[in-house]
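Novice: please work out how this folds:
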Amino acid sequence: MNNVKLIIKIIQGEIMNIAILTSGGDSSGMNNAIKKFVEYSYEKGYTPYFIYRGLEGLIDGKIKKATYKDVSGIIYRGGTIIKSSRSKRWYDKNYRKTAYENLKKHNIDALIILGGDGSFRALKVFYNEFKIPFMGIPATIDNDIALNEYSIGVDTALNIIREAVDDIRDTASSFSRAFVIETMGRECGYLALVSAIANGAEMCLIPEVEFNLKNLKKRYLKEIKEGRDYFIAIVAEGLKISAKIKEWFDSEIGFESRLTVLGHIQRGGAPTVIERLRASEFIVNALDNIEKTPNKIVTYYDDKFVLRDLEEIENSTYRLDEKLLKLAYPLMGKE
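Specialist: Numbering: from 1, shown residues only. From the prediction side, this is the model:
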């Protein structure tokens, strides 16, 4: 159904059927968004549908009308009750046509997708081919979407890292060791940057900024003479050097060291209060605008929600907050 037909249906007072799917990596807070989607859809007179297992499920026709019972008791759960996936089949137009036919079987008028920029691009292609209106909501712990400062899952991931660093610090101080802690984020250093500052780490290495181990060594040896007896180093996974930094502490600093790769625990866990609030706000903004201004990405920027065209995001460069970077420069060996 194209936008003109959608407008006619709305004017005629027909019930609008809207489906939601989660795509790509899961993140805590998705279930909060799903719960609000069902409740607010019924409040607005829409009929909500679930698409299970993301784009793969859309191809396979795993579509079901959603009820209040489906979202009862999910507010505290991490992950996504409607599952997620990464789909190679989506790149084949024949499979996308099958997905479109599945939507028509259920009279779906529009889609809401929770995911990253890759998921948004996937739906943009789908819209260009079949004119199914959509709204995108950033949901990725990587927090690497341009012109967007907050993605669903980020605050929970940061708090999980905080708890892990607090626990590791106990052992580091007890044994006078250096601990290298690797955070997720793909090629984006957001999690490592914020975590290093918030947790008082002595080192922060991220892909976006060139670091200087020579300067760090000079500083660390001086601090050791002045009484420092343990180190917390936070390294972004995108650098692929965590093991080398562990060896560097052993050989160059003379500290027994350990490497801890936090891995997928950063994606799970009960969502924080901020996560639950923002997830609901994202959904409300998407549903309030899906009739009048569809095919947008709901972003959070400068403490407010902003609707953006996907092209605007694609044509912009993602940048870390310069104020945060300046706070972390000493942890990178920058003078």
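Novice: if I've got this straight, A19 is in a helix?
Specialist: No. Counting by DSSP: H, G, I helix; E, B strand; the rest coil, A19 is not found in a helix; it is strand.
Novice: who's it bridged to?
Specialist: Note on A19: beta-bridge partners Y49, L111, judged by DSSP bridges.
Novice: now for L114: which residues touch it?
Specialist: With contacts defined as CB atoms under 8 Å, 6 or more residues apart in numbering, L114 is in contact with 20-23, 30, 33, 80, 137, 139, 152. Backbone N, C-alpha and C define where each C-beta goes, glycine included.
Novice: ok, the nearest residue to K214 once chain neighbours are set aside to L216 distance?
Specialist: Using CB to CB, 6 or more residues apart in numbering and skipping the chain neighbours, the partner closest in space to K214 is G333 (7.1 Å). Summarising the geometry, the distance separating G333 from L216, computed by CB to CB, to the nearest Å, is 4 Å.
Novice: please say which of the two ends up with more neighbours.
Specialist: Using other CB atoms under 10 Å as the criterion, G333 and L216 rank with L216 on top: 24 against 21.
Novice: which SS class is the more buried one?
Specialist: L216 falls in the helix class when you classify it by three-state DSSP.
Novice: what are the buried residues along the helix ranked longest in the chain?
Specialist: Among the elements of the chain assigned as helix by DSSP state H, the one spanning the most residues is helix 154-175. For helix 154-175, the buried set under the neighbour-count rule, 16 or more other CB atoms under 10 Å, comprises 154-161, 164-165, 168-169, 172.
Novice: again with stretch 68-82
Specialist: Along stretch 68-82, these residues count as buried under the neighbour rule (16+ other CB under 10 Å): 70-71, 74, 77-82.
Novice: how far does it stretch from start to finish?
Specialist: Start and end residues of stretch 68-82 are separated by 14 Å (CA to CA, to the nearest Å).
Novice: identify the residues contacting that stretch?
Specialist: For stretch 68-82, with CB under 8 Å, 6+ apart as the criterion, the contacting residues are 20-22, 26, 28, 30-32, 34-35, 38-39, 42, 50-53, 114, 156, 267-271, 276.
Novice: low-confidence ranges, the chain, go.
Specialist: Low-confidence regions of the chain, defined here as pLDDT under 70, cover residues 1-15.
Novice: ok, which stretches of it are helices?
Specialist: Shown for the chain, the helices assigned by DSSP H span residues 3-11, 30-44, 54-60, 93-105, 117-130, 154-175, 190-198, 213-225, 242-248, 273-289, 310-314, 322-328.
Novice: can you lay out these as CSV showing distance to A66?
Specialist: As requested, the helices of the chain are exported to CSV (distance: least, CB to CB, whole Å):
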stretch, distance to A66
helix 3-11, 20
helix 30-44, 5
helix 54-60, 14
helix 93-105, 15
helix 117-130, 19
helix 154-175, 23
helix 190-198, 32
helix 213-225, 52
helix 242-248, 42
helix 273-289, 13
helix 310-314, 26
helix 322-328, 39
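Novice: quick check: most distant residue from the centroid of the chain.
Specialist: Among the C-alpha atoms of the chain, the one most distant from their mean position (CA atoms, centre = their mean) is that of K225, at 41.5 Å.
Novice: check contacts around that one.
Specialist: K225 neighbours (CB under 8 Å, 6+ apart): none.
Novice: ok, now how distant is it from K218?
Specialist: From K225 to K218 the distance is 11 Å (CB to CB).
Novice: ok, now K97?
Specialist: Counting by CB to CB - K97 and K218 are separated by 62 Å.
Novice: cool, D155 as well?
Specialist: Summarising the geometry, the distance separating D155 from K218, computed by CB to CB, is 36 Å.
Novice: returning to that earlier point: generate a PyMOL selection restricted to the buried subset of the contacts of stretch 68-82.
Specialist: The following PyMOL command selects only the buried members of these, with burial defined by 16+ other CB under 10 Å:
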select buried, resi 20+21+22+26+28+30+31+32+34+35+38+39+50+51+52+53+114+156+267+268+269+270+271+276
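Novice: and stretch 234-249, end to end?
Specialist: End-to-end distance for stretch 234-249, by CA to CA: 13 Å.
Novice: cool, stretch 36-53 as well?
Specialist: The distance separating the two terminal residues of stretch 36-53, taken as CA to CA, comes to 19 Å.
Novice: residues making contact with that stretch?
Specialist: Outside of stretch 36-53, the residues that reach it under the criterion CB under 8 Å, 6+ apart are 15-21, 34, 57-58, 60, 62-68, 70-71, 82-85, 106, 108, 111-112, 279-280, 283-284, 287.
Novice: nearest residue to the middle of the protein?
Specialist: T140 (1.1 Å).
Novice: test my guess that it contacts I113.
Specialist: No. Checked against CB atoms under 8 Å, the pair T140 and I113 is beyond contact range at 11.9 Å.
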